[in-house]
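Trainee: Give me coordinates for this.
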Amino acid sequence: MLRLILPTCLAILTFNAANAKSIWSDNSISFLAGNHYEVGPKRKQIITLEHASGHQWGDLFYFVDRLKGSDGSNETYMELSPRISFGKLKLIQLENSFIKDILLASTIEMGQSANGSFNHYLVGIGFDIDMPGFKFFQWNFYRRNNDNRDDSWQLTQAWSLPFTLGEQSWRYDGFIDWSSSTNQASASLNFTSQLKWDLGQFTWQTSNELFLGIEYVLWRNKFGIRNTPQFDTHEDNVNLLIKYHF
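Mentor: You can find the predicted model right below:
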């Protein structure tokens with residue numbers, strides 16, 4: 001039932017988001033390169049397109065990764081995540097609270113490679129937290145409906161922290177995904193963060209457009225595959241990052 005309901009809701013929300021005037025929006029394209037990937041080729045280059053926007057009904061985030069491995073393999077991965085805001089729809093009132101909003105959170109994960117394709121559907125509850133200094137700080141708790149394996153639970157934290165060092169502007173963004181174990185998969189932890197210097201402000205005096213930095217990925221039991229001496233699925237990976245917002 002979830003496989004029927006959630007894609008329909010996602011399609012309706014995405015259509016509304018595309019046709020309704022947004023409160024705010026941000027688009028970006030990134031290039032990453034790293035040499036310490038696990039589960040597949042060690043070296044990969046990735047181009048990522050991202051979109052984030054706020055609307056009267058909630059918010060929308062999606063990204064598309066195109067990955068090219070050193071062995072010539074290619075992968076495409078996408079996540080689409082609309083969230084419906086109970087606060088914006090006047091269903092709840094949160095005044096003088098560290099919780100800024102409560103939302104119906106949903107995500108569809110789509111992947112395609114030479115090994116096949118998959119669609120995972122996630123639905124749950126989200127919380128926007130009032131954290132001083134942060135651009136945003138949120139928690140989302142999902143029930144996962146997985147392709148070709150047992151369903152599971154996922155807890156996701158995401159944040160963005162702008163700061164300055166001297167006269168230079170920086171940003172520290174990231175997320176943590178924890179997925180529960182099942183009879184077919186081990187519990188998995190993915191900690192991914194980006195430390196970025198505002199290169200555009202330094203070079204052509206335009207802030208929040210061009211960033212240069214690194215992305216660090218710590219993954220335990222990547223993709224839910226149990227780490228063993230014969231097959232290493234614990235990833236510690238540093239990527240070069242260039243990101244342009246438009």
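Trainee: now the residue most central in space within the chain, nearest residue through space, not along the chain?
Mentor: Residue closest to the average C-alpha location in the chain (CA atoms, centre = their mean): residue 175, at 6.6 Å. Nearest residue to residue 175, sequence neighbours excluded (CB to CB, 6 or more residues apart in numbering): residue 158, at 4.3 Å. (Each C-beta comes from the backbone N, C-alpha and C, glycine too.)
Trainee: what's the burial count for the one you found?
Mentor: 18 (other CB atoms under 10 Å).
Trainee: Touching, it and residue 190? I think so.
Mentor: No: here residue 158 does not reach residue 190: they are 11.8 Å apart, not a contact under CB atoms under 8 Å.
Trainee: what residues are shared contacts of those two?
Mentor: Overlap of the contact sets of residue 158 and residue 190 (by CB atoms under 8 Å, 6 or more residues apart in numbering) consists of 175, 176.
Trainee: follow-up on the earlier one: which helix or which strand is home to the residue nearest to the centre of the chain?
Mentor: Secondary structure from DSSP states H and E places residue 175 in strand 168-179.
Trainee: What residues of that strand count as buried?
Mentor: Residues of strand 168-179 classed as buried: 169, 171, 173, 174, 176, 177, 179 (neighbour count, 16 or more other CB atoms under 10 Å).
Trainee: Likewise for stretch 206-221?
Mentor: Quick answer for stretch 206-221 (16+ other CB under 10 Å): 209, 210, 211, 213, 215, 216, 217, 219, 220, 221.
Trainee: Now render those as CSV, adding secondary structure, distance to residue 138 and pLDDT.
Mentor: Compiled in CSV, the buried residues of stretch 206-221 are given as follows (DSSP: H, G, I helix; E, B strand; the rest coil; distance: CB to CB, whole Å; pLDDT from 0 to 100):
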residue, secondary structure, distance to residue 138, pLDDT
209, coil, 24, 95
210, strand, 26, 97
211, strand, 21, 98
213, strand, 22, 98
215, strand, 19, 98
216, strand, 20, 98
217, strand, 20, 98
219, strand, 21, 98
220, strand, 22, 98
221, coil, 24, 98
